[in-house]
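> Dropping a prediction and its sequence here:
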Amino acid sequence: MPELPDLVYLETKLAEYLSGREILAIKVKQPVVLRILLQEGFEKALTRTRFTKIHRHGPFMNFGFENDCELVIHPMLAGRFMYAAQDANTGKGLCFSLYLDNGAALHYLDDKKMGKAYLIPAGRYEQIPRYSQQGVNILSSDFTLECFRKLIAGQRKQVRVFLMDQTRLSAIGNCYADEILFDGRIHPKTFCNQLAPEEVDRLHQSINTVIAWGIAEVERAQQPLEVKVRSHVKVRNKKDMPCPRCQTTIRRAGVLGYDTFFCPACQPAKRTQFIDWS
């Protein structure tokens, strides 16, 4: 799925490509991903209108139009965007295409059809599940150390679960949760209330450092929108490979149904685990 550094890049590039562009025609191939909360249909509402703004809210990408409606897309697990020629070969997973007045098109693809595209009256976000429940934007000035200490205080969740709780932190996904914990030298199954004050402070710093690094690496790669940039990661999906810090073998474990990757030497467990990776 697109994670925060990917979404920051998408926000910038989509604004560059789409601002002021008019939609001339629309083709819907998989209507199952659409949620139309207007009396008009999808095609009727958006044809012959122009993009006025593109912005991100947590994991949601918002497209504003001159006719006072918004298209809000939550890519979820497999959703992705492609900006290409109108007749481009999009491969598998095409859900819909917006054909633009410059000969290009914005294609939305989703192999699993889990993502959702909500067409709403502008600003009516209460109709979108989880949109209004997003926690603090971790890229904003509100995400201070004091704020983070308050958010994590009293939490009994495993720290990786806490990092991915979008009602508290907006928004960290699987990949960067692993990278943040590796940077902070914290085992993913550590309970939040087991963290020493200095570890809490270090975790806050790691969030800032790793997300900034991810944004810079994705920007540097300058890949097409549909390409997921992960060549820079250090532990995510690196099972059985040597730790880049100490050469210990990277391990994979499960945390509430999600795979997590970590170094058992750099990120020692604070409690007995079912498997002793050491």
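Thanks, I have the structure now. Numbers count the residues shown, from 1 in each chain.

> residue ranges of the helices in the chain, please?
Remark: helices assigned in the chain by DSSP state H are 4-18, 42-46, 145-152, 159-163, 174-184, 197-221.

> And the first one, what does it pack against?
For helix 4-18, the packing partners by 3 or more Cβ pairs under 8 Å, 6 or more residues apart in numbering; DSSP states H and E come out as strand 51-57, strand 60-65, strand 79-85, strand 104-110, helix 197-221. Just so you know, the C-beta spots here come from the backbone N, C-alpha and C atoms, and that holds for glycine as well.

> Next: the fifth one.
Under the contact criterion of 3+ Cβ pairs under 8 Å, 6+ apart, helix 174-184 touches helix 159-163, helix 197-221, strand 258-262.

> quick one on the thing from earlier: now, of the helices and strands packed on helix 4-18, which is deepest in the fold?
strand 104-110 (a mean of 23; mean count of other Cβ atoms under 10 Å).

> before we move on, back to that, same list (the helices and strands packed on helix 4-18) but as TSV, adding mean pLDDT.
Putting the helices and strands packed on helix 4-18 into TSV (pLDDT from 0 to 100) gives the following:
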stretch	mean pLDDT
strand 51-57	97
strand 60-65	98
strand 79-85	96
strand 104-110	98
helix 197-221	98
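
> In JSON lines, list those along with distance to Arg245.
Converted to JSON lines, the helices and strands packed on helix 4-18 look like this (distance: least, Cβ to Cβ, whole Å):
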{"stretch": "strand 51-57", "distance to Arg245": "32"}
{"stretch": "strand 60-65", "distance to Arg245": "34"}
{"stretch": "strand 79-85", "distance to Arg245": "32"}
{"stretch": "strand 104-110", "distance to Arg245": "36"}
{"stretch": "helix 197-221", "distance to Arg245": "13"}
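
> For Gln127, find the nearest of the ones you listed.
The closest of the helices and strands packed on helix 4-18 to Gln127 is strand 60-65. By Cβ to Cβ, the value is 12.5 Å.

> Any idea how far apart the tips of stretch 179-198 sit?
19 Å (Cα to Cα, to the nearest Å).

> Okay, now the unreliable bits of the stretch 151-278 of the chain?
Counting by pLDDT under 70, the ranges of the stretch 151-278 of the chain that qualify are 272-278.

> Let's see that with 80 instead.
Scanning the stretch 151-278 of the chain with the threshold set as pLDDT under 80 gives 271-278.

> With the stretch 1-150 of the chain instead?
Using pLDDT under 80, the flagged stretches of the stretch 1-150 of the chain are 1.

> if we go to 50?
Within the stretch 1-150 of the chain, no stretch has pLDDT under 50.

> domain ranges for this structure?
4-127, 137-262 (automatic domain parsing).

> Columns distance to Pro268 on top of those, output as JSON lines?
Output for the domains of the chain, formatted as JSON lines (distance: least, Cβ to Cβ, whole Å):
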{"stretch": "domain 4-127", "distance to Pro268": "27"}
{"stretch": "domain 137-262", "distance to Pro268": "6"}
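
> tally of neighbours for the residue nearest to Glu22 when sequence neighbours are not counted?
Closest residue in space to Glu22, ignoring its immediate chain neighbours: Asp101 at 4.2 Å, by Cβ to Cβ, 6 or more residues apart in numbering. By the criterion of other Cβ atoms under 10 Å, Asp101 has 12 neighbours.
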